[in-house]
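**Q** predicted coordinates and the sequence they were generated for:
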Number of protein chains: 2
Amino acid sequence: MKRLLFIILVSLSAAFYANAQIQRNPVANDDGTVTFTLKAPKAVTVKLSGNVFPQCFYNAPKEVWKETDQVDMVEGENGVWTYTTAQLDPDMYLYHFIVDGTRMPDPLNFQQVRDTDEWQNYFIFSKEKGDFGDQISNATLPHGTVSHVWYDSKLAGMARRMTVYTPAGYSATGSARYPVFYLLHGSGNDEDTWAEQARAIQTFDRMIAAGECKPMIVVMTNGHLYRDAAPGAGSILLDKPVCEMEDCFLDVVNYVEKNYRVRKDRNSRAIAGLSMGGGHTFRITLKYPDMFGYIGLFSASTRVKDFNDPEFRNSVKRLSDAKPNLYLIQIGENDFLYDINRDYREYLDSAGFDYSYKETHGGHVWRNWRHYLPEFCQKLF
Amino acid sequence: MKRLLFIILVSLSAAFYANAQIQRNPVANDDGTVTFTLKAPKAVTVKLSGNVFPQCFYNAPKEVWKETDQVDMVEGENGVWTYTTAQLDPDMYLYHFIVDGTRMPDPLNFQQVRDTDEWQNYFIFSKEKGDFGDQISNATLPHGTVSHVWYDSKLAGMARRMTVYTPAGYSATGSARYPVFYLLHGSGNDEDTWAEQARAIQTFDRMIAAGECKPMIVVMTNGHLYRDAAPGAGSILLDKPVCEMEDCFLDVVNYVEKNYRVRKDRNSRAIAGLSMGGGHTFRITLKYPDMFGYIGLFSASTRVKDFNDPEFRNSVKRLSDAKPNLYLIQIGENDFLYDINRDYREYLDSAGFDYSYKETHGGHVWRNWRHYLPEFCQKLF
């Protein structure tokens, strides 16, 4: 039976290897649907939870859109429970099972990503390779290097961990200087998340190879100033941070510009973040209006206590006067931060601030941020 | 109630942060035991599986030793199942639950490691910080950098991914040259495993800071020549590898010696591996007897088809004549490769080969390899 090519990050020839660590569930059907299976003979109820339902799809109507949902699976012979989706668009999907009320990962899919303190199974669905190629490693492309680097943050009073992407061709022996993109995460994430949950590394490798964005160094910080690193990698967890992200951020820029071969002008520095990291981006760029030539707010926490506060108004004016090459606000129509963003945009309009705005379907979800990232990157440098 | 200090990689002050990603299970008791809890009101049977039982402990008598075991948990009020261990030694422990026959991770412990295609929860038990400090990140120590690097393997016909540890102080702007330790994994692992499952990074950071081993670059390759990288990170999965590890390994050494500031003499090169990677080490060093000054076989697959084969005998003689500074064989008394190692040692004895041998408790398990690593490292360079 001919099947759609169903790319699960590895070739299907993997079946030859017992230890090949291939994903055996879910399975793609001829008609573009996907079937989930779980063997649980003693279970009373089995649910499938995730973003694999039509109401969770990127372009679901605003009125019915949901971030995630769950359905009852159907019990068949030998205690095997199944559920078949509607036709899927090429994308990365997250899911888990709920057996008699208890959350459970898929025992037939070892692919998991962590967000906050919860793990989800994932799979990448592609009608043909390339349809959603941003998220799939491609052996024919040059690969950048991903490093976990500790920098000394004098302001935060600790060594802190960050993830640094250096593009293919950046080597210890080279001499070319590169622009730098600072990419910040949300409140439930850490310095690993853009690389792992968003598969940003695969996106950079592909876009740079295709000439869709410039070769650049990407610096993914940890925005939780009460800890030094992702759980398991660090050992500091303070009751209260010594400083806020916008105050400590200079330590990052100083470290990068000292230790990497980078260009150090404003037009060679970009910054963007999602949610809390969008809020950090919002405040860092108001605090240092001359530092970044490219600024991206992805579903950003742009809450302003008082739009009449003279200090806020003056900061916006200084940033406006600095004329960044790009100030891009992106958000989904169902995002819970939509109103806050609308209020901020209305203020920017009233202040005559020149920004770009892109509104999408959906809400406060990784599916959006995975798409916002390449749109922002192609405008950089 | 005073409790033993129970280090779970983070401080207990974490409770202040809703998103702080702390481990909430298991819990340490005053008497040095640990209690596991799982809420599963509808379950008929709940088992705890792992290496947390006395028969799995490092120093359990040979006759009763088991790699892992499982016990029935006891149902209490409100469908909460519990199990309390015997007193634990400071160590890293792995476990999962089995609910009505189905494997399940601990919903109250987000810390997981992947080995082959299975995930296990883990926790690090320490009577007081430092008892098992090798495996815990220590904020007061300088941290090395961990990079995922792709090198072009002409012999394997693909770009391949490896993990490279550069010690604190190694920077793009420095001039010092470092020795290199090539560290190979087992058949169920990949280039991430020494860093993640064995927490080797924390071990190197601590030992280098304490002066217990020399500052060195550590290169952790992927030993599966039919694939390019760990699952999810790569995209090549061949039916049959183009070359074997011992044939392709020169590509690794050549890349490292071209792209890192390293010393290139035999006395500045070490190699060790566990299980399959021990087999790779065994064959690489027989093939290139002059390349490595320090050689470690951890529970190694040292199978020899025919000890009378002239080619094998000649290879051993050449390696013996090269007089490596260290040829250390380590294995547990219960290891399933014990007899193969004994046969190989008997041949080495008969051939007058000068090697070191360290036999430990236990079997073919990470607990052993986590302990073998620092013992080997302190003898290097």
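**A** Perfect, I can see it now.
**Q** alpha carbons only for contacts and neighbour counts from here, please
**A** Will do.
**Q** pLDDT below threshold where in the stretch 1-150 of chain A?
**A** For the stretch 1-150 of chain A, the stretches with pLDDT under 70 are A:1-22, A:116, A:127-133.
**Q** ramachandran angles for whatever residue of it ends up closest to chain B?
**A** Going by C-alpha to the nearest C-alpha, chain B is nearest to A:S147 of the stretch 1-150 of chain A, at 3.9 Å. Backbone geometry at A:S147, expressed as degrees, to the nearest 10, gives phi -120, psi 140.
**Q** now swap in the one 5 residues further on and tell me
**A** When read as degrees, to the nearest 10, the backbone of A:D152 gives phi -90, psi 120.
**Q** and it, bridged to which residues?
**A** Beta-bridge partners of A:D152, counted by DSSP bridges, are A:A159.
**Q** what segments of the stretch 201-350 of chain A are strands?
**A** Under the criterion DSSP state E, counting those that start in this stretch, the stretch 201-350 of chain A contains strands at A:217-220, A:269-274, A:294-298, A:326-332.
**Q** the first one and chain B, any residue contact?
**A** I take that to be strand A:217-220. No - Strand A:217-220 lies apart from chain B when judged by C-alpha under 8 Å from any C-alpha of the partner chain; the minimum separation is 13.6 Å.
**Q** give me the helices and strands touching that strand, please.
**A** The criterion is 3 or more C-alpha pairs under 8 Å, 6 or more residues apart in numbering or on different chains; DSSP states H and E, and the helices and strands that strand A:217-220 contacts are strand A:158-166, strand A:180-184.
**Q** what about it, distance to the chain center?
**A** Strand A:217-220 sits 13 Å away from the centroid of its parent chain (C-alpha atoms, centre = their mean, to the nearest Å).
**Q** how about stretch A:209-223?
**A** 13 Å.
**Q** other residues contacting that stretch?
**A** With contacts defined as C-alpha atoms under 8 Å, 6 or more residues apart in numbering or on different chains, stretch A:209-223 is touched by A:141-142, A:160-167, A:178-187, A:190-192, A:194, A:204, A:207-208, A:228-230, A:245, A:262, A:277, A:377-381.
**Q** which residues touch the residue nearest to A:M291 when sequence neighbours are not counted?
**A** Leaving out its chain neighbours, the residue that sits closest to A:M291 by C-alpha to C-alpha, 6 or more residues apart in numbering or on different chains is A:R266, at 5.3 Å. If you count contacts by C-alpha under 8 Å, 6+ apart, A:R266 has them with A:290-293.
**Q** can you check A:F307 too?
**A** Applying C-alpha under 8 Å, 6+ apart, we find A:F307 in contact with A:313, A:347.
**Q** let me know whether A:F125 touches A:M92 as I believe.
**A** Yes - between A:F125 and A:M92 a contact is recorded at 6.2 Å, counting by C-alpha atoms under 8 Å.
**Q** re earlier: now render the strands of the stretch 201-350 of chain A as CSV, adding mean neighbour count, mean pLDDT and distance to A:G79.
**A** Shown next, in CSV, are these (neighbours: other C-alpha atoms under 10 Å in any protein chain shown; pLDDT from 0 to 100; distance: least, C-alpha to C-alpha, whole Å):
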stretch, mean neighbour count, mean pLDDT, distance to A:G79
strand A:217-220, 24, 98, 45
strand A:269-274, 26, 98, 42
strand A:294-298, 27, 98, 44
strand A:326-332, 22, 98, 40
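**Q** nearest to B:N121, out of the ones you listed?
**A** strand A:217-220 (26.7 Å; C-alpha to C-alpha).
**Q** about what we covered before: any of the contacts of stretch A:209-223 buried? List them.
**A** Neighbour counting with 16 or more other C-alpha atoms under 10 Å in any protein chain shown marks A:142, A:160-167, A:178-187, A:190-192, A:194, A:204, A:207-208, A:228-230, A:245, A:262, A:277, A:377, A:380-381 as buried within the contacts of stretch A:209-223.
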